[in-house]
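K.L.:
This is a predicted model, with the sequence first.
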Amino acid sequence: MKFGVIVFPGSNCDLDAYHLVRDVLGAPVEYIWHAERSVAGFDCLILPGGFSYGDYLRCGAIARFSPVMPAVVEFARRGGLVLGICNGFQILTEAGLLPGALYSNTSLQFRCRDTILRVENNDTPFTRGLPPGQLLSIPIAHGEGNYYVDPETLAQMEAKGQIVFRYADREGRITPDANPNGSVGNIAGVCNENRNVLGMMPHPERAGEALLGSTDGLLIFKSILEYWEGCR
Amino acid sequence: MKPEDWRIIGLRDNEYDLITKILGREPNQVELGMFGVMWSEHCSYKHSKAVLRTFPTTGPRVLQGPGENAGIVAIGDGLAVCFKIESHNHPSAIEPYQGAATGVGGIIRDIFTMGARPIAILDSLRFGTLDDSKVRYLFNGVVSGIAGYGNCIGIPTVGGEIYFDPCYQGNPLVCVMCVGLIETEKIRLGKATGVGNLVILAGARTGRDGMHGASFASEELSEASEEKRPAVQVGDPFMEKLLLEACLELIENGDLEGIQDLGAAGLTCAVSEMASRGGTGMEIELSKVPCREEGMTPYEIMIAESQERMLMVVTPEKEAKVHGVFQRWGLTSTTIGRVTADGLLRIKMHGQVVAEVPARSLAEDSPVYYPASAKPAYLERTAQLDLAAIPQPDDFNTVLLKLLSTPNLASKEGVWQQYDYMVRTSTVVRPGSDAAVLRIRGTQKALAMTTDCNARYVYLDPYAGGQIAVAEAARNVVCSGGEPLAITDCLCFGNPEKPEIYWQFRQAVEGISAACRALETPVTGGNVSFYNETKGEAIYPTPVIGMVGLLNDVTKACTLPFKAAGDLIVLLGESFDELGGSEYLAVIHGRVQGKPPALDLAKEKALHRVVLAAIGQGLVHSAHDLAEGGLAVAVAECLFEHEIGARLELDANGLRPDSLLFGESQSRVILSLSPENLPVLRELAVREEVPLAVIGRTGGDRFQIYVDGAPRVDLPVAQVKAAWQGAIPC
């Protein structure tokens, strides 16, 4: 299984995703320059965190017009696995691959800290083998992670199992205090209806080694690998 | 030329005379402007140069000392660490967001200019007191500016320090340190070599922003300073991220002969320093410089401080390739001139020579001043401290809570959670411990890094304060498991033309030098920021020390919180009746008085050996140095992360209880460890003659201190933590 990490101008977590996949997960991985027009040969695409195009307009609003994006959209439509992390999540919503939008944190400040995620749906390629309700310690680092979607769409998403992660407290309760950015329903990550595209604000690639404080993020990457092997 | 012409840009009459002597004629307007910025205090170090030469700057590991864009120290495996600290005080005083942001941008460029990959940022910040709305504006603006730039460019902000004191009310200090990693064979210097090689300017277009920033930085702040807002540059971290990647790619492939960033004094500084270091000259055609606006004059183009620009020297064969790399990163790059043999900077506009001056004269030949120095009168007054006149507190619980909730000691999490301190996934010890620790990918090694300065000590005794700043930085590095390597310094003082200020400066430099010699941490560079005065009032002398240390085994990195109940709490070092200059004396008794605590550098070094051995042998669960607030505050800080209580039983040994709890005697460290490791630790301490006392045990949910059997402090950990956490509004 081959991973591709897309490098937009201003991506800055590309190295971290690349490193985790290659050195910790031990899977083949390559960078994909934003000017490429094809993603042929890749099995899972990662849109990494960062500040694509400086995020000077609206997060992800320019990156979604990158030359590589039509190929990403096509790849996703055909069922290819796409993981958008932080700025990557913002780009996926801008590109229409995921519903909703990401507003400024209610604090109006950037927040970098550990969060606890509760797994809401373990029937996705990204969360297989994780019991529903399992708690993962994975950090956030963003200024615009306040997920919003209109109530009607939200209800549909809930019904279809598209809410994948919520911010929770240590006991797994979904409380306002556990919500670091004001996201509706404490939502931290969502998938599309086909469940092959996941967007999440927390950084699983930062929680892949005990040395850095948590290995819970690695579970998501392992799940992707297991899913892929199960498909073959 | 009339005297107003040179005085208005900050040149003195004798300096103008020297310029005419160098040129053999009167300078024209462009040339005068170039001398004006290059001979400013900020660029020329004319008041500090003579004193800075006394720093110890060499050592077996030092590959590059002061004089280049940043210092470089070897760490084995063909790798080196490249680091520097710089101030951006004046810009931050009038435009805090952009002032701080461009401070971050500038120091990052200094690091990748050397060919190093920036891996971490630290910020040493000082403000007035938070009850002033202007100070809160400056504080929030500076923190947002650091976050805005650092988070976007993707370099983790991992540490630093923040102090509040009325002396910084109108003149905040914003010192930013950047640390980079480099393969020793890839080091690039800011030199223009090879006559006939081409000069390429890359990055942002040149605009009218930041005109005379260097000169503005070289005068005192006043009410009129607000009008100098246009002298503050505007940062574009996205542009810098692209520039960083493009430049490192070129350096990695060996495509550049020399490279230099454009910072203070803009193009003038870059061309004159590169040519001067290379012993060459340059011919530059200004009509080739991409400008943001129409009609910029040669004068403006030469001194504009537009950010995110780099100057490179390349061979003609590499020209097309270099432009190709910048183009791929979406950046503008233009060949604007070539290297010449005659040592002259010949600046042309559409073929017409508009300036012609020796490169060296700008970069090296500024006058060197030896200002008068005199011991400040205030020291007579502050040195008088009669401890007998200081009443003992009735209630130590209240004192402890009050100290922990003063902004200087309170939790800074509200600040650092606005910084991305984890990007690049190498941060092993996060902000909030004694020093940050970052692993070095592909090796077992790691770097520890910190910034430190207790300016109150320096104010009360500049020599001792300078020593303590270095010693504390080293102690912080050691408590994280790092062996101190070298320092960079950011020397912030008032107006050096005042003898009392210059005395502070000389004494502090001497103190720093003595400590650096004893602790074997040479000075590899830094900067000097004078004229930190508002309405004639100087800040405390504030020589900030940035230090980097090396861990050979990253898994040995140590942090300050207690990890387990039932551990022994051990105090290394000796406590004295030393309340002079303490936070306790200032906060509880309203006195900035006395002498700072005494420092014995040999004892300090011995302490380091014991702590490093204890951490290296895995004997301890935590290590924390004692600083502001003394023993009680230091132990309290160890309780918070895991909310583990502690019970201390102290012997006063004739000391006042307040000195024992809150005195700031130097060369002390708190360790926690399993009881079975105590004998080995004791052996290490005995061998180095470092006093060791078992002072208590971890456990429970209360913080209790008994002195000679009498209870002095007894509080729930949760209450102590709440006082510490909620103090700084962000």
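P.N.:
It's in.

K.L.:
Got phi/psi on the residue of chain A found nearest chain B?
P.N.:
With Cβ to the nearest Cβ as the measure, residue A:12 is the residue of chain A nearest to chain B, at 2.5 Å. No exception for glycine: its C-beta is placed from N, CA and C like everyone else's. With angles defined as degrees, to the nearest 10, residue A:12 sits at phi -130, psi 0.

K.L.:
doesn't residue A:142 make contact with residue A:104?
P.N.:
No - counting by Cβ atoms under 8 Å, residue A:104 stays clear of residue A:142, with 9.7 Å between them.

K.L.:
quick one on the thing from earlier: the residue of chain A closest to chain B: neighbour count?
P.N.:
Close neighbours of residue A:12, defined as other Cβ atoms under 10 Å in any protein chain shown, add up to 27.

K.L.:
if I pick the residue nearest to it when sequence neighbours are not counted, what's in contact with it?
P.N.:
Distances taken as Cβ to Cβ, 6 or more residues apart in numbering or on different chains put residue B:154 closest to residue A:12, at 2.5 Å, once the chain neighbours are dropped. Listed by Cβ atoms under 8 Å, 6 or more residues apart in numbering or on different chains, the contact set of residue B:154 reads A:12, A:13, A:50, A:51, B:241, B:420, B:423, B:424.

K.L.:
switch to 10 Å and redo it
P.N.:
Counting by Cβ atoms under 10 Å, 6 or more residues apart in numbering or on different chains, residue B:154 makes contact with A:10-16, A:49-51, B:118, B:237, B:241, B:244, B:420, B:423-424.

K.L.:
Now do the SS call for residue B:284.
P.N.:
The three-state assignment at residue B:284 reads strand, by DSSP: H, G, I helix; E, B strand; the rest coil.

K.L.:
How many residues are close by it?
P.N.:
Using other Cβ under 10 Å as the criterion, residue B:284 is surrounded by 25 other residues.

K.L.:
Help me confirm that residue A:113 is found in a helix?
P.N.:
No - with the criterion set as three-state DSSP, the secondary structure at residue A:113 is strand rather than a helix.

K.L.:
Beta-bridge partners for it, please?
P.N.:
With DSSP bridges as the criterion, the beta-bridge partners of residue A:113 are residue A:140.

K.L.:
who's in contact with residue B:371?
P.N.:
Residue B:371 sits next to B:46-48, B:50-51, B:495-499, B:501-503, B:505-506 when contact means Cβ under 10 Å, 6+ apart.

K.L.:
What are the phi and psi values at residue 73?
P.N.:
You didn't pick a chain, so chain A it is. As for residue A:73, its main-chain torsions (degrees, to the nearest 10) stand at phi -60, psi -40.

K.L.:
Residue B:594 against residue B:464, yeah?
P.N.:
No - using Cβ atoms under 10 Å, residue B:594 and residue B:464 do not qualify as a contacting pair, with a distance of 11.3 Å.

K.L.:
So which of residue A:104 and residue A:142 has more stuff around it?
P.N.:
A count of neighbours by other Cβ under 10 Å puts residue A:142 above the other of residue A:104 and residue A:142, at 25 against 16.

K.L.:
which residues sit in contact with that one?
P.N.:
By Cβ under 10 Å, 6+ apart, the contact set of residue A:142 is A:49, A:59, A:86-87, A:89-90, A:102, A:104-105, A:110-112, A:180-181, A:201-203, B:151, B:420.

K.L.:
Then residue A:150?
P.N.:
A:99, A:100, A:101, A:156, A:184.

K.L.:
Narrow the residues you listed to those that are buried.
P.N.:
Buried subset of these (neighbour count, 16 or more other Cβ atoms under 10 Å in any protein chain shown): A:99, A:100, A:101.

K.L.:
will you turn these into TSV that also has pLDDT and distance to chain B?
P.N.:
Supplementary listing: these in TSV, determined by pLDDT from 0 to 100; distance: Cβ to the nearest Cβ, whole Å:
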residue	pLDDT	distance to chain B
A:99	98	27
A:100	98	23
A:101	98	20
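
K.L.:
among the residues you listed, which are in strands?
P.N.:
Of the buried ones among the contacts of residue A:150, the ones assigned to strands by DSSP state E are residue A:101.

K.L.:
Could you point out which of the buried ones among the contacts of residue A:150 is nearest to residue B:196?
P.N.:
Compare each of the buried ones among the contacts of residue A:150 with residue B:196 using Cβ to Cβ and the shortest gap goes to residue A:101, at 55.7 Å.

K.L.:
what are the bridge partners for the closest one, then?
P.N.:
For residue A:101, the beta-bridge partners are residue A:148 (DSSP bridges).

K.L.:
Do I have it right that it meets residue A:146?
P.N.:
Yes - contact between residue A:101 and residue A:146 holds when scored by Cβ under 10 Å: they sit 9.0 Å apart.

K.L.:
Share the number of residues neighbouring the residue lying closest to residue B:225 once chain neighbours are set aside, please.
P.N.:
Distance criterion Cβ to Cβ, 6+ apart; nearest residue to residue B:225, sequence neighbours excluded, is residue B:94 at 5.6 Å. The burial metric for residue B:94, expressed as a neighbour count using other Cβ under 10 Å, is 18.

K.L.:
show me the contacts for residue B:94.
P.N.:
Taking Cβ under 10 Å, 6+ apart, we find residue B:94 in contact with B:138, B:216, B:221, B:225, B:226, B:227, B:228, B:229, B:231, B:232.
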